[in-house]
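>>> coords please:
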Amino acid sequence: MTQETVGYVQLEWTCKRCGSKNPGTQKTCANCGNPMSEQDQFELPSQQQLITDEDELKKARLGPDIHCKYCGARNPADAKNCKQCGADLTEGAKRAAGRVMGAFESAPVPDVKCPACGTLNPANAVKCKQCGSPMVAEKPAAQPARPATPTLSPGLIVLAVLALVACVAFFILATRTSDTTARVESVQWERAIEIVALRPVERADWADLIPAQAQVGQCSERVRHTQPEPAPNADKICGTPYTIDEGSGVGKVVQDCVYEVKDRWCSYTQPEWVVIDAVVAQGGDLQPKWPVLGLLAGQREGGRSERYEVVFDADGKEYRHSVATAEDFARFAVGSRWTLKISGLGGVTDVQPAP
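Numbers count the residues shown, from 1 in each chain. Prediction:
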């Protein structure tokens, strides 16, 4: 992401002694003469206008002002000696800079009333155009008291407790096990082989990634990636401009931009081996077999799958257990006895030959 400079705007600050608003580049209050201290912060005016005067722009690019170590006076960034007391500024403190102040607002804002005579003045006016009184910053309106945090009703508390109990009970049942002896009542197996054939398949991808033998269909432009630098066939996308405190009474207006690089996204068709059918063999013994394939021209064998299940009887209660391989499956002769480990939820978690 690239940060681009849109321009510079005049900031303002509020005098802590009399409450008057002052232009950011003014070092002392126009109403009472109180100097801006190092702790006072600049603020965004209600309406901001980009500076166009070349001399003012040169000053804006100098950097943060310097406060004299001895008298505290504000001095421009390029000053060598304090304009108030003449002290060397090499030991002075530069004002903090880089604070994001908010979005750039250039649209007109409503006029405000003079606190002394009621005359309407521009929102960024420092003094009233009618009576000359300072446009004192309004004190923030008192915030209404926050309502007390609502307490949960007894019914909701009961539901929450029940939900917690249910979760704990489920965990206990899922992890608790018990042993029982059971007899193999029956066995079941199933084996399947897929039949695949070449068929045209439609897909989509970036033009340079499409296989050479594919038949290309319709294409359209899409954003493939973004980057901070300009590029051919790229659109520049910028966010909302915002203002950064430069520490000099001037704010730098910037915007974050990226370049969306476009490329051709195309549909294409190519032949691929796809599953068109499957043959299945099933049985209820311990001798599973693969089904016999009858392949036609243009067909071939695909993937194979197998499933084995043992049905146990424990004093009239049925349990089912899946087995991973044919070798393990062959151990479960009908009538043989096994020790089953049963979870609290009723599932078989382990089987061992009964002693």
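>>> now do the helices in the protein.
With DSSP state H as the criterion, the chain has helices at 54-60, 154-175, 326-329.
>>> okay, the ones you listed in TSV with mean pLDDT and distance to K83 next?
(Each C-beta comes from the backbone N, C-alpha and C, glycine too.) Output for the helices of the chain, formatted as TSV (pLDDT from 0 to 100; distance: least, CB to CB, whole Å):
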stretch	mean pLDDT	distance to K83
helix 54-60	94	14
helix 154-175	72	67
helix 326-329	97	92
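>>> need those helices in TSV (columns: distance to C131).
Supplementary listing: these in TSV, determined by distance: least, CB to CB, whole Å:
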stretch	distance to C131
helix 54-60	29
helix 154-175	60
helix 326-329	99
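>>> of the ones you listed, which is nearest M101?
When the helices of the chain are compared by CB to CB, helix 54-60 sits nearest M101, at 14.7 Å.
>>> name the helices or strands packed onto the closest one?
Where contact means 3 or more CB pairs under 8 Å, 6 or more residues apart in numbering; DSSP states H and E, helix 54-60 is packed against strand 2-10, strand 250-283.
>>> E12 is nearest to which of the helices of the chain?
helix 54-60 (14.8 Å).
>>> pLDDT value on P150, please?
pLDDT recorded at P150 is 54.
>>> make CSV out of the helices and strands packed on helix 54-60 and add mean pLDDT, distance to K80 and mean neighbour count.
As requested, the helices and strands packed on helix 54-60 are exported to CSV (pLDDT from 0 to 100; distance: least, CB to CB, whole Å; neighbours: other CB atoms under 10 Å):
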stretch, mean pLDDT, distance to K80, mean neighbour count
strand 2-10, 95, 24, 17
strand 250-283, 97, 21, 16
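>>> any chance of the ones you listed in TSV, plus distance to K113?
As requested, these are arranged in TSV below (distance: least, CB to CB, whole Å):
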stretch	distance to K113
strand 2-10	22
strand 250-283	26
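>>> neighbours around A160, how many?
A160: 11 surrounding residues under other CB atoms under 10 Å.
>>> correction: the previous question concerned S178.
The burial count for S178: 9, using other CB under 10 Å.
>>> closest to Q39 out of the helices and strands packed on helix 54-60?
strand 250-283 (18.7 Å).
>>> what's the closest one packed up against?
Against strand 250-283 (3+ CB pairs under 8 Å, 6+ apart) you get strand 2-10, helix 54-60, strand 177-206, strand 215-227, strand 234-238, strand 242-245, strand 299-314.
>>> what's the most buried one of the ones you listed?
A comparison of the helices and strands packed on strand 250-283 by mean neighbour count, using mean count of other CB atoms under 10 Å, puts strand 242-245 on top with a mean of 21.
>>> on that earlier part again, closest to G284 out of the helices and strands packed on strand 250-283?
strand 177-206 (5.8 Å).
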